[in-house]
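>>> any chance you can model this:
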Amino acid sequence: MIDILFCGNDGVFDGMLTCTLSVLMRTDTAEPFHFHVFTMDVSHLDERYIPLTKEHIALYRKAVKEFGKDNRVTVYDVTELYMKYFSGCPNEGAYCSPYTLIRLLADRVKGIPDKLLYLDADIMFNRDVRLLWDTDLEGREYAAARDHYGKYLLYPNYINAGVLLFNIAEAKRTRLFPKARAWLQRKKLTFADQSALIRSTTRKKVLPQRFNDQKFLHRHTVVRHFSKRLFWLPYPHTDNIKQWHIDKVHKVFGYRQFDDIYDKYLSLIKSSPVKEIL
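I've put the predicted structure just below:
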């Protein structure tokens, strides 16, 4: 079983679905997938912060099952855990959203396996997920690639937490998650959960950049992470183009490698009673 975790509200459903389709359509394996989704209702902070809807969960399960009858989806409402550990903490107004914090609850959720691949929603797989999944994690809490900008601006092995292959068993032994939660509870951190995770790490494995490429898409790229990036032309500026912004992916990046995935995504959306605005 290949176990993958997403965390988010209903607003990132398009990212979860396109990323999941990229995993399923770029991987050739008879091994089943189990997709775990942490979601929650914190609409008291922002009206957009609502959990995945029943309609979207049903559509997501339908999509996953189309690629294998043994594939599974489990959705966890972690609202109660969030309120216990993070409500009112200095990092509740995180740089992205409170949903970035909830991956650090993985040790508190029943049913989470000893090995788990966490993925941000703004990710597409360009090659087989097993190239990442089969990484040896003996004695390491997790494996992650360097942050594209942080490795220059901060220090060489500064990691990006958008792709994390967790050794949950080892992380429990070293108390990685409780230590990270404690940082978030007592101090405002620049990059919230990512900073807390880095400060709490005992031992990690640093992966090649192709496992979390935040700027380029090469033939050898396994994971393309559509995070905010710097553009120099026509003038220096940043933009936050996500993979579900299909027109921009075509026009700005010139990518056509994901068009088969987009075709499947659009057909699923059109067949759903819940219509998305692209």
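>>> start to end distance for stretch 101-121?
One end of stretch 101-121 sits 14 Å from the other (C-alpha to C-alpha, to the nearest Å).
>>> next, the buried residues of that stretch.
Within stretch 101-121, the residues that count as buried by 16 or more other C-beta atoms under 10 Å are 101-107, 112, 115-121. To be clear about C-beta, it is placed using only N, CA and C from the backbone, and glycine gets the same treatment.
>>> so which of the residues you listed belong to strands?
115-119 (DSSP state E).
>>> got a markdown table for those residues, with distance to residue 9 and pLDDT too?
Below are these laid out as a markdown table (distance: C-beta to C-beta, whole Å; pLDDT from 0 to 100):
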| residue | distance to residue 9 | pLDDT |
| --- | --- | --- |
| 115 | 26 | 97 |
| 116 | 20 | 97 |
| 117 | 21 | 98 |
| 118 | 16 | 98 |
| 119 | 16 | 98 |
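>>> now, which of the residues you listed sits nearest residue 196?
residue 118 (14.3 Å; C-beta to C-beta).
>>> so what's the closest one up against?
4-7, 103, 106, 163-166 (C-beta atoms under 8 Å, 6 or more residues apart in numbering).
>>> try 6 Å
5, 103, 164 (C-beta atoms under 6 Å, 6 or more residues apart in numbering).
>>> same thing with residue 213?
Contacts of residue 213 (C-beta under 6 Å, 6+ apart): 221, 224.
>>> and which of the contacts of residue 118 is nearest residue 209?
Nearest to residue 209 out of the contacts of residue 118 is residue 164 (C-beta to C-beta; 15.2 Å).
>>> that closest one: neighbour count?
24 (other C-beta atoms under 10 Å).
>>> repeat that for the one 3 residues further on.
Counted with other C-beta under 10 Å, the burial measure for residue 167 works out to 25 neighbours.
>>> residues contacting it?
Residue 167 neighbours (C-beta under 6 Å, 6+ apart): 137, 140-141.
>>> low pLDDT regions in the chain?
Counting by pLDDT under 70, the chain has low-confidence residues at 148-156, 229-239, 273-278.
>>> please enumerate the strands of it.
Using DSSP E, the strands of the chain run over 2-7, 33-39, 72-77, 115-119, 123-125, 142-145, 163-167, 204-207, 223-225, 229-231, 237-239.
>>> now do the third one against strand 33-39, angle only.
Between the axis of strand 72-77 and that of strand 33-39 there is an angle of 10 degrees, by axes from the mean of the first three to the mean of the last three C-alpha atoms, to 10 degrees.
>>> leaving out sequence neighbours, find the closest residue to residue 56.
residue 13 (4.8 Å; C-beta to C-beta, 6 or more residues apart in numbering).
>>> and the one you found, how many neighbours does it have?
Per other C-beta under 10 Å, the neighbour tally for residue 13 reads 25.
>>> what about the contacts of residue 167, which are in helices?
Among the contacts of residue 167, no member falls in helices (criterion: DSSP state H).
>>> hang on, isn't residue 41 packed against residue 49?
No - Residue 41 is not in contact with residue 49 according to C-beta atoms under 6 Å; the separation is 7.3 Å.
>>> and those two? which has more neighbours close in?
Counted by other C-beta under 10 Å, residue 41 and residue 49 do not tie: residue 49 has more neighbours, with 19 against 13.
>>> pull the contacting residues for that one.
Contacts of residue 49 (C-beta under 6 Å, 6+ apart): 9, 42-43.
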